[in-house]
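Visitor: Fold the following and give me the result.
(chains A and B, ligands or ions: 2)
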Amino acid sequence: MRFDKPAGRNPADRGTVLGQPLPRIDGPLKTTGTAPYAYERHDVASGQLVGYPVGAAIAKGRIRSMDTRAAKAAPGVVAVITTLDMDRLPKARMNVAYLFGGRDIQHYHQAIAVVVADTFERARAAAALIRTDYDEDKSTSFDLAEQRRAHQDDEVEPMAKVGDFHRAFAEAPVQLDQTYTTPGQSHAQMEPHASIAEWKDGALTLWSANQMIEWSKQALAKAFDLPAEKVRLDSPYIGGGFGAKLFLRADAVLAAVAARETGRPVKVALPRPLIANNATHRGLTIQRIRIGTDRDGRITAIGHDNTTNTLPGGDGENGAAPTRHFYAGANRLLVHRPLEMHLPESNAMRAPGETAGLMALEVAMDEMAEKLNMDPVAFRVLNDTQVDPDNPERPFSERHFVECLERGAERFGWNERNRKPGARREGQWLIGHGVAGAYRGAPVQASGARVRLKPDGTVRVDTDMTDIGTGSYTIIAQTAAEMLGVPLDAVDVGLGDSDAPASAGSGGQWGAASSTAGVYAACVALRNTIAERLDADPEDLSFADGQVRHGDRRTPLTEVGGGEELVAEDKIEFGDFRSKEYLLATFGAHFVEVGVHAATGEIRVRRMLAVCDAGRILNPVTARSQVIGAMTMGVGAALMEELAVDTRYGFFANHDLAGYEVPVHADIPEQEVIFLEGEDPYSTPLKAKGVGELGICGVSAAVANAVHNATGVRVRDYPVTLDKLLDGLPEVV
Amino acid sequence: MRAFTYERAETPQQAAMAAASTDHARFIAGGTNLLDLMKIEVETPAHLVDVNGLGLDTIENTDDGGLRVGALVRNTDLAADPRVRRDYGVLSRALVAGASGQLRNKATTGGNLLQRTRCPYFYDTNMPCNKRRPGTGCAALEGFSRQLAIIGGSEHCIATHPSDMAVAMRLLDAEVETVLPNGNTRAIPIADFHRLPGDTPQIDSALIPGEFITAVTLPRPLGGKHFYHKVRDRASYAFALVSVAAVIQPDGGGRVALGGVAPKPWRREDADAALPRGAKAVMARLLDGAEPTHENRFKVNLAERTLAAVLAEAKE
Ligand SMILES: Cc1cc2nc3c(=O)[nH]c(=O)nc-3n(C[C@H](O)[C@H](O)[C@H](O)COP(=O)(O)OP(=O)(O)OC[C@H]3O[C@@H](n4cnc5c(N)ncnc54)[C@H](O)[C@@H]3O)c2cc1C
Ligand code: SF4
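Guide: Ligands and ions are numbered 1, 2, ... in the order given. The predicted model follows:
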């Protein structure tokens, strides 16, 4: 099915199951510990061995030699495979770092060996016996600020240039020119990267934790020089991804290499310390933002210059991305400078670009409002735009940012806040309020599904879509139930298996909108098959209560197949109109109240509200979960998350969950989420967009702005930790 | 984790003898610190002496009005004991400020005292670290040292001792009772129990090889108001940037000890004496000679401000 024009009325609009606040259908499996995660799939292949990875001890250089004798002789060891045993494995387009093979070291904890043994403990013990000798390359810098100074005069093609920014900024009566930094952040997902691999008759099966089945199937085929049909990937349950599992990672490659070498299935998980340095992270950024306005607060010039770290060939974290479309302003200059550095691979993490970008931009907006002596809500409202500022010919399909701000302000009691920073105190606590806007695109990807109507009237949906804890199982089941008029529990959903039709996968917050559209397409195809059987025009059929209605005729679904299963498969493909003629995005506003201890600077978030504009909400329960989880992550980014760069050794020093702090329950107060009622017919047949990434966009800036309101201290270097506040807090006696 | 042999001790003295007679032996109590370190081969004992069967898990009144806390009393139980809550509030609060509920259920009094530093380089066996491998250097001195010591360190090591419980015990002038491999016993004042690194940062405490902690005694209650203010980046489940343990008497006198700033719980009796003159006066003595790194310089100010907050609360 091609989606070539805005959606009209269709059967999914009924909203009897879709749009209802239903709990996750996979909930019982999760809460009883019976959802099988990759590392625990003991039943899928017999005779499994365990592989334990070894990470490089240097950030850049070459391996001179490796001594594996002791490891090979250790008890229980079946094989020791080192990176010197093979050439560099080819990498797929989406990967930046090479995953295995060859002598060259690109980053700390790059995989250099896998030790395979009969038990985990023996593999781990033997892995510690490998001795590696390096030629370390000490010539590179691991300090982003230093690199930025060295490259500040480089000519870079701007990512967007409209009007004459420099002139308009120089002429603006009110100006802001500030630089903000965001640190590297780790996905720190609960389930480590993990895979089990098995080779049979030249074909490779991988049971893995992976967000993007089709991409990674192709990547495996490339790495091992196989035709894609010789690769199967299965990933039904994933314990968190946030982008960490978008691409093939070392766990998968090492498992496959080890299984090939030993002729037995092998499983490999990345130990926690390797997750920070072997896998990917959100890149560090240094962002210079310049905003010029007229005296009334209308933006006339906006410039965003973003610098980030990347291994050769990557793009890092593009903080300038959200500034491109968020606010009005006739003169614009956006620049993105990924600098090659040999820190570990920076790559996509939840709302890549927008997260770090809005951490900076939305503080800059707060600072600008302060300069203008304007309410920060009013300043944002004034600079709303209903058209793409890059190309005023192109309108937003649906944009209710102003409504988000206004509804939120009213609900939160924004007008009762104290306007003068540092002036409200309750006992030892300084109280502050902050607001920030949220912007995230609404991309989609082609997505396929297969739907079967069984003779017993139940429905089975298969697609290689993944559920990374987001609720995909549930919204897909809701879509099929709605389209075929069956109760939710009559739908059985199979996900994550590459034998099923390729889907959009879970990334870029496109998963929910795209995969449900794909299931919609397959259900339309099945409805057509049923119409054919009934000798009816599909337009005349309606599906409800397990029956097909055609005029006065009612046929139970158990009968339409005449005892046989009816199967239909289709995929949704999106036409250009969606991106060329219209600009599609999601919007939000975040309101936060914090308390800051007047003596110690300890920061406690006391209240949070998000108002989201994201098209039709397919399930308010799962959508709310996504948003509150993202708000929690935003609090982490605001107040504590920082991969500490050791600029001498070129690695992240706090590489475990004791050192890399993410919020705990005690950090998160009551969170309220409001979804604006709405549909975006330009987005998908279901008129839906994503929310999973929108939720994190802007949150951190709302927290930082609230801290400023509480204390009068403006912190421009995240995370906003108490040491950065102390000098500006009231004197103590 | 390296292979090791394992035995269960029958008596404290036998535990001490067993540990002393084997090279590279360790006692294992709750295991919450030791096992983590063994998994990444920071600790590589060849022999484990399991002391969980020894009893030593009761809290008894002492003749002079104090308490004797068995070495295997779990942190949860110690914090919840009604006598501790009533008379040694600072200890109870310090305990519940540490780790998480699950960990405190396993963690023991003896093990808590002997938990090792949380310096990030100590945990990464690729990095130089004099505490882990003497003579290799200290990666933290010029590195990521935000969490580390501002006082009491040396050019060889600036690790902090991470225990909250020990800070309260130092404040209370507890004594650590031990049995030696030869069967003798001794009582070590808590002030002398943890060592400063000097040029042997690998040695954390005054215990000799095989020496086994049987109990910690608390002298009779001090009265006064008890405080434990632990400052960290998140609200729970994190080690202290700075913690202040204090007992403040109605006349403004009292005691103060700091956690998160030094290789041991940090207290100076001459600083206590300055309490009636306020936080600045106390810190002028308590942190006299501090040598912070550029990353942890803020702790000097933070310690003073945290004590000021405690003193303000004491007045309420
Ligand atoms: C994630 C995490 C967070 C934590 N957060 C905090 C925190 O915020 N604050 C805090 O204070 N602590 C914290 N801890 C540390 C925790 O308090 C310690 O791990 C615990 O107290 C150790 O006690 P244990 O009985 O498990 O010791 P074990 O691990 O069994 O032993 C530790 C050491 O003590 C020795 N030992 C044990 N008992 C005796 C004895 N009777 N005589 C002689 N030697 C003995 C052992 O040989 C070993 O060397 C945290 C730990 C973790 C894992
Ligand atoms: S501070 Fe101590 S523990 Fe940390 S690296 Fe230096 S020597 Fe090792």
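Visitor: Only C-alpha atoms from now on, for both contacts and neighbour counts.
Guide: Fine.
Visitor: what's the burial count for the closest residue in space to residue A:454 that isn't next to it in sequence?
Guide: Of all residues not flanking residue A:454 in the chain, residue A:565 sits nearest, at 4.7 Å (CA to CA, 6 or more residues apart in numbering or on different chains). The tally of other residues near residue A:565 (other CA atoms under 10 Å in any protein chain shown) stands at 16.
Visitor: need the contact list for residue A:565.
Guide: When contacts are counted by CA atoms under 8 Å, 6 or more residues apart in numbering or on different chains, residue A:565 touches A:452, A:453, A:454, A:455.
Visitor: remind me, longest helix of chain B?
Guide: Looking across chain B with DSSP state H, the single longest helix is helix B:298-315.
Visitor: That helix near chain A at all?
Guide: Yes: counting by CA under 8 Å from any CA of the partner chain, contacts between helix B:298-315 and chain A involve B:298, B:299, B:301, B:302, B:305, B:306, B:308, B:309.
Visitor: how near is the last one to residue A:322?
Guide: Right, residue B:309. As defined by CA to CA, to the nearest Å, residue B:309 lies at a distance of 42 Å from residue A:322.
Visitor: contacting residues for residue B:95?
Guide: Contacts of residue B:95 (CA under 8 Å, 6+ apart): B:75, B:76, B:79, B:164, B:165.
Visitor: Hmm, the last one is touching residue B:112, no?
Guide: So the one you mean is residue B:165. Yes: counting by CA atoms under 8 Å, residue B:165 does reach residue B:112; the two are 7.3 Å apart.
Visitor: all strands of the stretch 301-450 of chain A, in order?
Guide: Secondary structure of the stretch 301-450 of chain A by DSSP state E, counting those that start in this stretch: the strands cover A:331-340, A:387-388, A:391-395, A:425-426, A:429-441, A:447-453.
Visitor: Partner strands of the third one, with direction?
Guide: Strand pairing for strand A:391-395, using DSSP bridges, gives strand A:387-388 (antiparallel).
Visitor: for the residue in the stretch 251-400 of chain A that ligand 2 sits nearest to, phi and psi?
Guide: Minimum separation of the stretch 251-400 of chain A from ligand 2 (CA to the nearest ligand atom) falls at residue A:273, amounting to 16.9 Å. Backbone torsions for residue A:273, taken as degrees, to the nearest 10, come to phi -60, psi -30.
Visitor: and what of residue A:675?
Guide: Backbone geometry at residue A:675, expressed as degrees, to the nearest 10, gives phi -100, psi 130.
Visitor: how about the nearest residue to it, chain neighbours excluded?
Guide: Leaving aside its sequence neighbours, residue A:675 sits nearest to residue A:612 (CA to CA, 6+ apart; 4.8 Å).
Visitor: Around the one you found, how many other residues sit close by?
Guide: Neighbour tally, residue A:612, other CA under 10 Å: 30.
Visitor: Next, format the residues of helix B:298-315 next to chain A as TSV and append neighbour count.
Guide: Formatted as TSV, the residues of helix B:298-315 next to chain A follow (neighbours: other CA atoms under 10 Å in any protein chain shown):
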residue	neighbour count
B:298	20
B:299	24
B:301	15
B:302	22
B:305	23
B:306	25
B:308	20
B:309	21
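Visitor: Which of the residues you listed sits closest to residue B:201?
Guide: Using CA to CA, the shortest approach to residue B:201 within the residues of helix B:298-315 next to chain A belongs to residue B:299, at 22.0 Å.
Visitor: Could I get the CA-only coordinates of the helix or strand hosting the residue nearest to residue A:675 as PDB?
Guide: For residue A:612, the host element (DSSP states H and E) is strand A:603-613. Listed next in PDB are the C-alpha coordinates belonging to strand A:603-613 (Å, rounded to 0.1, in the frame of the first residue of the first chain):
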ATOM      1  CA  ILE A 603      18.900  19.700  43.600                       C
ATOM      2  CA  ARG A 604      15.600  17.800  43.800                       C
ATOM      3  CA  VAL A 605      12.900  17.900  41.100                       C
ATOM      4  CA  ARG A 606       9.600  18.300  42.800                       C
ATOM      5  CA  ARG A 607       7.000  18.400  40.000                       C
ATOM      6  CA  MET A 608       7.000  17.700  36.300                       C
ATOM      7  CA  LEU A 609       4.400  18.300  33.600                       C
ATOM      8  CA  ALA A 610       4.700  17.500  29.900                       C
ATOM      9  CA  VAL A 611       2.100  18.500  27.300                       C
ATOM     10  CA  CYS A 612       2.600  16.600  24.000                       C
ATOM     11  CA  ASP A 613       1.300  17.100  20.500                       C
END
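Visitor: which residues touch residue 164?
Guide: I'll assume chain A. By CA under 8 Å, 6+ apart, the contact set of residue A:164 is A:331, A:332.
Visitor: ah, I was thinking of chain B
Guide: B:94, B:95, B:97, B:98, B:240, B:243, B:259.
Visitor: got it, and residue B:89?
Guide: B:226, B:227.
Visitor: again, but for residue A:454
Guide: Contacts of residue A:454 by CA under 8 Å, 6+ apart are A:460, A:558, A:561, A:564, A:565, A:566.
Visitor: circling back: need the contacts of residue A:565 in CSV with pLDDT and distance to ligand 1, can you?
Guide: Formatted as CSV, the contacts of residue A:565 follow (pLDDT from 0 to 100; distance: CA to the nearest ligand atom, whole Å):
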residue, pLDDT, distance to ligand 1
A:452, 98, 48
A:453, 98, 50
A:454, 98, 50
A:455, 97, 53
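Visitor: Return the member of those nearest to chain B.
Guide: Using CA to the nearest CA, residue A:452 is the member of these that sits closest to chain B, with 46.6 Å.
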